[in-house]
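[1] How does the following fold in three dimensions:
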Amino acid sequence: MLKPSDGSAEKKALREKIMGLGDSSLKKNYYPQLQDQVDSLEKAKVNLKKAIKKSTANESLFKALFDNAIDGIVLADVETKKLDLFNKSFLSMLGYSSESHLELSLYDIHPEDKLESVIDQFNRIASGTTKMTRNIPVKKSDGSLIYCDITGTPIELNGRDYIIGIFRDMTEARKSAIEKNAFETRLHHIQKMEAIGTLAGGVAHDFNNILTAIMGLTELSINTPSVVGPVRKNLEQILQSCYRARDLVSQLLSISYKGEKKLEPLNLTPVIKDAVSLIRATLPATILIRTIIDAELDTVLADKTQINQILINLCTNAAHSMDLMEGEITIKLLNMYIDNDYITTHPGLKEGWHVLIEVTDNGSGISPDIIDRIFEPFFTTKEKGKGTGLGLSVIHGIVKNHKGSISVQSEPGKGTVFEVFLPVTGEPSRHMEKTIEKPHSGNATILLVDDEKMLTEINSSILESMGYTVLTCNNGSEALEIFRNHPGTINLVITDMTMPGMTGLHLTSEIRKINPHIPALLCTGFNEQLTREKTEAAGIYEILMKPFTSLELGQAIKRGLSC
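    Numbering: from 1, shown residues only. Below you'll find the predicted structure:
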């Protein structure tokens, strides 16, 4: 900083010069000029003091702004990439002490794997091509990263090129943006799944009506005495195929989060065999599926559809892990006694006998970097459009709801093993192989209502074959009129749920205003909107899901007539 002079030396020199002139004419001629110089010097002195004062104030202002700026500020040498100057905020941002005597450069404050991109951006600022770069990773003193928006201005000082860089920490804002994007992605997935659920519900309703017709006609044909030999065998195969189709619809509804899940005693051996048959039909012939069933205790409290969902998901994932869809999947059903030592590595299990469902493949395996995340919702390694990242998270939830445990072992290039443990139950299984049985018969009068004329005709024929008297119609208003005309004759009402003009719930509510004691059986192919409260309020004693067999229909009628 410059120090102002008091001007005494200059004035003394001028005074001596004047005095040396004596009384000569030179003194008279030069004195005024010399006096002007003295005055000018006085003025220059005052101006210099003002300039120095202003400069000092500006310097203090600059220093205050530089040191107290919220953003980090640096002066970077374009050639050497060294930071010749940085403020307190920059040091604090990077976790350095303001007292530290640091020598930093671009190479010190950015991660190595991003240096090439950072230096390219730096050079673009230096050339004036750009003024701002966003989301630049900056390395802190502890090695962690923050993300900054950097505004840069090229300047020249003492013949060298510099950049004044302003660093604004955008880490939290970036995190919020990522979380917002993730939330929007999750919301999109949820909306998509809701749309799938709505579509599945509509498909289920129509498809189940079709299956009901096929099953009804097939059963009527089988019960015809003249149908014997190969024809009867073919009809029985059609009926078995209908059962599989019904289960497939149930699985679709389960995947779309629709339908009520009931846990009941279930033998897993036939369930595994049925699931394998379905899986074989959906996977390429180049994938071999082996089953090993060696479980004496195979009864668990479970929902059959969800057990199928577990197997289908695990086998589908196994197939996708194989190059060119070629490989082998092994499904094992075993028993295992879980002791306290095993529980320490498999939390969530309880001591006792369990069924182990093991699905093994020889696919590409799972990387150790992601194996701990595979059960997270929306986490997927599949390409966009190939999967939602919901499959394994849903499976994990299903297993937990069954009081079980799921674990995975995998090694890249050597395949994957999923283990699903379910506790064995001592209750007898309610699972039954589907067989053709003689349905219940009776002599009551039944009002049958369905907007599908074909279903009305088929089910009417089935009921008449059981010995019942049947009154039929195809809409709620007509049904209500029939009931008013036969208030003491009709013993039971069977109605479809979804009908134009008047739903089954509305119809039964109106009918019970006439006869509060009439039993009503509600038939539906999709029960998303039905609740126990709604059905009880309408006086419905049972819901029969389409498609149903004549045996199931006869048993439901028997229960209604005995109410």
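[2] okay, and the helix or strand of the protein with the least pLDDT?
    Lowest by mean pLDDT, DSSP states H and E among the helices and strands of the chain is helix 8-19, with a mean of 60.
[3] Tell me, how many residues neighbour residue 127?
    10 (other Cβ atoms under 10 Å). Using the backbone N, CA and C atoms, a C-beta is placed for each residue, glycine as well.
[4] Could you list the low-confidence segments of the stretch 201-350 of the chain?
    Filtered on pLDDT under 70, the stretch 201-350 of the chain yields the residue ranges 201, 251-262.
[5] Would it be right to say that residue 536 lies in a helix?
    Yes. Residue 536 sits within a helix when classified using DSSP: H, G, I helix; E, B strand; the rest coil.
[6] what residues are up against it?
    For residue 536, the contact set (Cβ atoms under 8 Å, 6 or more residues apart in numbering) is empty.
[7] Kindly provide the distance from it to residue 559.
    Relative to residue 559, residue 536 is positioned 15 Å away (Cβ to Cβ, to the nearest Å).
[8] what's the answer for residue 68, then?
    Distance, residue 68 to residue 559, by Cβ to Cβ: 83 Å.
[9] Show me which of these two is the more surrounded one.
    residue 559 (14 against 10).
[10] Need the per-residue pLDDT for that one.
    What the model reports for residue 559 is a pLDDT of 90.
[11] Check which helix or strand it maps to.
    Using DSSP states H and E, residue 559 sits in helix 550-561.
[12] helices or strands up against that helix?
    helix 453-465, strand 492-496, strand 520-524, strand 540-545 (3 or more Cβ pairs under 8 Å, 6 or more residues apart in numbering; DSSP states H and E).
[13] for these, which one sits closest to residue 250?
    Smallest distance to residue 250 across the helices and strands packed on helix 550-561 (Cβ to Cβ): 8.5 Å, for strand 540-545.
[14] residues making contact with that closest one?
    By Cβ under 8 Å, 6+ apart, the list of residues contacting strand 540-545 reads 208, 504-505, 508, 519-525, 527, 530, 535, 552-553, 556, 559-560, 563.
[15] of the residues you listed, buried ones?
    208, 504-505, 508, 519-525, 527, 530, 535, 553, 556, 560 (16 or more other Cβ atoms under 10 Å).
[16] So residue 225 lies in a helix, does it not?
    No. Under three-state DSSP, residue 225 sits outside any helix and is assigned coil.
[17] Run a quick neighbour tally on it.
    Neighbours around residue 225, by other Cβ under 10 Å: 5.
[18] for residue 148, same thing?
    Residue 148: 24 neighbours (other Cβ under 10 Å).
[19] next one: the one 10 residues further on
    A total of 5 residues lie near residue 158 under the criterion other Cβ under 10 Å.
[20] quick one, phi/psi of it?
    The phi and psi values for residue 158, taken as degrees, to the nearest 10, are phi 50, psi 40.
[21] try residue 86
    According to degrees, to the nearest 10, residue 86 has phi -150, psi 150.
[22] Just list whatever residues bridge to the nearest residue to it once chain neighbours are set aside.
    Among residues not flanking residue 86 along the chain, residue 74 sits closest, at 4.5 Å (Cβ to Cβ, 6 or more residues apart in numbering). Taking DSSP bridges as the rule, residue 74 bridges to residue 86, residue 165.
[23] give the contact list for residue 74.
    83, 85-87, 90, 164-165, 167.
[24] do that again at 6 Å, thanks
    Contacts here follow Cβ atoms under 6 Å, 6 or more residues apart in numbering; on that basis residue 74 touches 83, 86, 90, 165.
[25] Closest one to residue 126 out of those, please.
    Comparing these against residue 126 with Cβ to Cβ places residue 165 closest, at 10.5 Å.
[26] Determine the set of other helices and strands touching the top helix by length along the chain.
    Criterion DSSP state H: the longest helix present in the chain is helix 171-222. For helix 171-222, the elements it packs on are strand 145-157, helix 229-255, helix 453-465, judged by 3 or more Cβ pairs under 6 Å, 6 or more residues apart in numbering; DSSP states H and E.
[27] Just the angle for that helix relative to strand 520-524, thanks.
    110 degrees (axes from the mean of the first three to the mean of the last three Cα atoms, to 10 degrees).
[28] And helix 171-222, how far out from the chain middle?
    The chain centre lies 14 Å from the centre of helix 171-222; the measure is Cα atoms, centre = their mean, to the nearest Å.
[29] Between helix 229-255 and it, find me the angle.
    160 degrees.
[30] Just the angle for helix 171-222 relative to helix 453-465, thanks.
    Counting by the same axes, to 10 degrees, helix 171-222 lies at 50 degrees to helix 453-465.
[31] which sections of the stretch 1-150 of the chain are below the confidence cut-off?
    Using pLDDT under 70, the flagged stretches of the stretch 1-150 of the chain are 1-39, 41-42, 44-66, 98-101.
[32] which residues in it form helices?
    Using DSSP state H, counting those that start in this stretch, the helices found in the stretch 1-150 of the chain span residues 8-19, 25-68, 88-93, 106-109, 115-126.
[33] Outside of stretch 517-534 itself, list whatever touches it.
    With Cβ under 6 Å, 6+ apart as the criterion, stretch 517-534 contacts 201, 204-205, 208-209, 258, 492-494, 496-497, 504, 508, 539-544, 546, 556, 560, 563.
[34] Tell me the buried residues within those.
    Neighbour-count burial within those applies to 201, 204-205, 208-209, 258, 492-494, 496-497, 504, 508, 539-544, 546, 556, 560; the criterion is 16+ other Cβ under 10 Å.
[35] partner residues bridging residue 82?
    residue 105.
[36] quick one: it and residue 166, what's the gap?
    For residue 82, the distance to residue 166 - Cβ to Cβ - is 18 Å.
[37] what about those two, which has more around it?
    residue 166 (19 against 16).
[38] gap between the nearest residue to that one once chain neighbours are set aside and residue 202?
    Among residues not flanking residue 166 along the chain, residue 151 sits closest, at 4.6 Å (Cβ to Cβ, 6+ apart). Note on residue 151: its distance to residue 202, by Cβ to Cβ, is 55 Å.
[39] Neighbour count for these two, which is higher?
    Taking other Cβ under 10 Å, residue 151 and residue 202 do not tie; residue 151 has more neighbours (16 against 12).
[40] Quick check: that one touching residue 132?
    Yes. If you go by Cβ atoms under 6 Å, residue 151 and residue 132 touch, sitting 4.9 Å apart.
[41] Just give me the neighbour total for residue 87.
    Quick note: residue 87 (other Cβ under 10 Å) scores 22 neighbours.
[42] Equivalent analysis for the one 10 residues further on, please.
    If you count neighbours by other Cβ under 10 Å, residue 97 ends up with 10.
[43] Please enumerate the strands of the stretch 251-400 of the chain.
    Listed in chain order, the strands of the stretch 251-400 of the chain (DSSP state E, counting those that start in this stretch) span 264-267, 287-294, 299-302, 327-338, 352-361.
[44] how about the nearest residue to residue 239, chain neighbours excluded?
    residue 218 (4.9 Å).
[45] go on, residue 468?
    Using Cβ to Cβ, 6+ apart, the closest residue to residue 468 is residue 446 (5.2 Å).
[46] Residue 467 is in contact with that neighbour, correct?
    No. Judged on Cβ under 6 Å, residue 446 makes no contact with residue 467 at a distance of 10.8 Å.
[47] which one of the two has more residues nearby?
    residue 446 (24 against 11).
[48] Specify the local secondary structure of the more buried one.
    Assignment for residue 446 (three-state DSSP): strand.
[49] Counting neighbours, what do you get for residue 281?
    Neighbours of residue 281 (other Cβ under 10 Å): 9.
[50] same question, residue 152
    Neighbours of residue 152 using other Cβ under 10 Å come to 22.
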